[in-house]
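# Need coordinates for the below:
(one chain, ligands or ions: 2)
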Amino acid sequence: MAKQTYRIAAIPADGIGTEVVAAGRRVLDAVERTSVTELNFDWTEFPWGSQYYTETGTMMADDGLDQLRDFDAIYFGAVGWHTVPDHISLWGLRLAICQGFDQWANVRPVTFLPGVQSPLRKADHTELDWVVVRENSEGEYAGIGGRNLGARGRGSEVALQTALFTEVGCERIMRFAFELARTRTHKKVSSVTKSNAQQYGMVLWDDVFKRVLLDYPDVDTESVLVDAMAAKFVLQPEELSVVVASNLNADILSDLGSALAGSLGIASSANLNPERRYPSMFEPVHGSAPDIAGTGVANPIGAIASAALMLRHFGLDDDADRIDAAINAVTEAGVLPRDLGGFAPTDTLTEAIIAQLS
Ligand code: NAI
Ligand code: MG
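Numbering: from 1, shown residues only. Ligands and ions are numbered 1, 2, ... in the order given. Okay, here's the model as predicted:
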């Protein structure tokens, strides 16, 4: 049988992004060698990021999206360095790809790993496992607004940052969340807004949620305000299964979730174009961590778990399960990186995960 080839664009970008993408690629090399499926990951690496910006004045090539369009997936590191303002680096690369390729569903599992101490005492004796589904195409990150309207002069500047909510955008992410909930043991969707204070966009969100849930009578639901949901993450996390929220709210909640699971370094993420008209992008949730970049201690688990999400997107569930099981075996054995209270450098941890695969 001919080998199935998957064409993957790697964009390591900045800081520890380069280190964790290298680790993830090593794990996927090992998957390729050890899989029962005949497969071949065909990599193309792109040099885009803050260094590229310094050299060229843009974060990615002008025709970057055209160069990426025909790949089966994008494997991304992290973007952000002190040489480029954060809003330029983020909009010039990561958001340009997410929005340009209509990757409207951002799936961010909150995974509690064995052998990793959670700051939540509840985690010691309760099964905790939920997933944040983030609307990834509009909301607070729509990029609509402006500064210094009417040239009011020094010290009197004004800025508008407008959130965009469309019925189509709300409905598709909610249906995605409900379909995901149906695949889980605990069939429940929690919808998050701040509709008491934000009476237009977020009330539209609530209205759409009330309409969509009628199509999923087999799934439990709740609507929770985002501040209360932050408390619920800490106090009643066992009640969560799928949490669907707008771009900003889900961004914040997913960092909280991964911190509760032990560290930002273990959080994985999939930016999906569910219609598969464009490539989807897989990346750890964390940023470029300039404070530890180059020291060899970055936790690669978030990036490696994101590689597993990419394999699921390819339909390679058995291989994705093998990666997840390898991560679990390694943390359970106490091989932990510094951010999880251990001493294992990036390379040691990556090699331990690879050893579990073969
Ligand atoms: P960050 O996620 O880079 O770091 C926050 C803290 O967590 C730091 O103390 C860092 O050392 C630690 N940390 C993060 N990932 C880790 C890992 N894998 N292993 C061990 N420790 C880890 O967030 P920060 O500091 O707010 O932002 C740094 C830069 O990254 C900024 O330029 C920001 O714009 C960018 N950023 C990019 C993102 C992306 O590309 N998706 C997401 C978040 C931030
Ligand atoms: Mg974030």
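# what comes into contact with stretch 22-36?
10, 12, 39-41, 43, 75, 300, 303-304, 306-307, 311, 316, 318-319, 322-323, 326, 346-347, 349-350, 353-354, 357-358 (Cβ atoms under 8 Å, 6 or more residues apart in numbering). Backbone N, C-alpha and C define where each C-beta goes, glycine included.
# how close does residue 214 get to ligand 1?
35 Å (Cβ to the nearest ligand atom, to the nearest Å).
# How about residue 76?
7 Å.
# What about that residue, how many residues nearby?
A count of nearby residues for residue 76, using other Cβ atoms under 10 Å, gives 27.
# Tell me where the model's unsure across the protein.
Scanning the chain with the threshold set as pLDDT under 70 gives 1, 149-151.
# Return the residues of it in contact with ligand 1.
16, 20, 78-80, 86, 90, 94, 264-265, 283, 286-292, 298-299, 302, 339 (Cβ under 6 Å from any ligand atom).
# ok, the residue of the stretch 51-200 of the chain found nearest ligand 1 to residue 293 distance?
Distance from ligand 1 to each residue of the stretch 51-200 of the chain (Cβ to the nearest ligand atom) is smallest for residue 80, at 2.1 Å. With distances taken as Cβ to Cβ, to the nearest Å, residue 80 is found 10 Å from residue 293.
# same question, residue 86
Taken as Cβ to Cβ, the span from residue 86 to residue 293 is 15 Å.
# quick one, which of these two is more surrounded?
residue 293 (18 against 14).
# Give me the nearest residue to the more buried one, chain neighbours excluded.
residue 15 (3.9 Å; Cβ to Cβ, 6 or more residues apart in numbering).
# same thing with residue 58?
residue 92 (6.6 Å).
# what's across from the residue nearest the centre of the chain in the sheet?
Among the residues of the chain, the one closest to the centroid is residue 269, at 2.5 Å (Cα atoms, centre = their mean). Note on residue 269: beta-bridge partners by DSSP bridges are residue 283.
# these two touch, right, it and residue 280?
No. Using Cβ atoms under 8 Å, residue 269 is not in contact with residue 280, being 10.8 Å away.
# joint contacts of the two?
Common contact partners of residue 269 and residue 280 (Cβ under 8 Å, 6+ apart): none.
# tell me which element residue 152 is part of?
Using DSSP states H and E, residue 152 sits in no helix or strand.
# residues contacting it?
Residue 152 is in contact with residue 158, counting by Cβ under 8 Å, 6+ apart.
# Just the ones of the residues of the chain next to ligand 1 in strands?
Residues of those located in strands (DSSP state E): 78, 283.
# Among the residues of the chain next to ligand 1, name the ones in helices.
Secondary structure from DSSP state H places 16, 20, 86, 302 of these in helices.
# just the buried members of those residues?
16, 20, 302 (16 or more other Cβ atoms under 10 Å).
# Do a quick rundown of the strands in the protein.
Under DSSP E, the chain gives strands at 4-13, 39-45, 73-78, 105-111, 129-135, 139-147, 159-164, 188-193, 220-225, 242-245, 268-272, 280-284.
# Hmm, the residue nearest to residue 293 is touching residue 295, no?
No. Applying Cβ under 8 Å, one finds residue 15 not in contact with residue 295, separated by 10.8 Å.
# of the two, who's got more company?
More crowded of residue 15 and residue 295, by other Cβ under 10 Å: residue 15, with 26 against 13.
# need the contact list for that one.
By Cβ under 8 Å, 6+ apart, the neighbours of residue 15 are 78, 80, 81, 287, 288, 289, 290, 293.
# among those residues, who's most crowded?
residue 78 leads the contacts of residue 15 on contacts (other Cβ under 10 Å) with 30 neighbours.
# Next, count neighbours for the residue lying closest to residue 39 once chain neighbours are set aside.
Distances taken as Cβ to Cβ, 6+ apart put residue 4 closest to residue 39, at 5.0 Å, once the chain neighbours are dropped. Counted with other Cβ under 10 Å, residues neighbouring residue 4 total 14.
# still on that earlier bit, could you dump the ones in helices among the residues of the chain next to ligand 1 into JSON lines with distance to residue 194 added?
Formatted as JSON lines, these follow (distance: Cβ to Cβ, whole Å):
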{"residue": "16", "distance to residue 194": "32"}
{"residue": "20", "distance to residue 194": "33"}
{"residue": "86", "distance to residue 194": "24"}
{"residue": "302", "distance to residue 194": "28"}
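# Which of these sits closest to residue 203?
Nearest to residue 203 among these is residue 86, at 31.0 Å by Cβ to Cβ.
# Check the gap between that closest one and residue 80 for me.
Distance from residue 86 to residue 80, by Cβ to Cβ: 6 Å.
# Domain parsing of the protein, as residue ranges.
Domain ranges of the chain: 1-117+267-358, 127-261, per automatic domain parsing.
# Buried deepest among the ones you listed, which one?
Neighbour counts (mean count of other Cβ atoms under 10 Å) averaged over each of these peak at domain 1-117+267-358, with a mean of 19.
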